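A.B. asks: got a predicted model here, sequence first, then my questions.
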Amino acid sequence: MFRNLLVLRQISRRSIYSTVRRRVENKVPEKQRMFQEDNGMPIHLKGGATDAILYRFTMALTIVGTGFVLYQLIGAAVPKKNN
């Protein structure tokens, strides 16, 4: 039992102390140039195809949500008929 605890302690130390710092390239200046250039595109679409897809999905979700809210409001305002 004690031996298992020692092995566990050694493994946990090894994983904590032996982590290697990875060099990550700074992409901020590149992104700043891309978003600041004047090419006639709105800022929310300058990120490329993924931005366009996210924008269209958000607009579709907004329209569907607005339609559902209006449907529920009309349903709450008009009483149901009892047969």
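C.D. replies: Yes, it's here.
A.B. asks: and the pLDDT at the one residue sitting closest to the centre of the chain?
C.D. replies: Most central in the chain under CA atoms, centre = their mean is L54, positioned 9.8 Å from the mean C-alpha point. pLDDT for L54: 94.
A.B. asks: distance check, the residue lying closest to N39 once chain neighbours are set aside against Q36.
C.D. replies: With CB to CB, 6 or more residues apart in numbering as the criterion, N39 has its nearest non-adjacent residue at 7.7 Å, and that residue is K46. Any C-beta I mention is one placed from the backbone N, CA and C, and that applies to glycine too. Going from K46 to Q36 by CB to CB, to the nearest Å gives 9 Å.
A.B. asks: more neighbours: which of those two?
C.D. replies: Using other CB atoms under 10 Å as the criterion, K46 and Q36 rank with K46 on top: 14 against 9.
A.B. asks: for the more buried one, give me its contacts.
C.D. replies: M34, F35, N39 (CB atoms under 8 Å, 6 or more residues apart in numbering).
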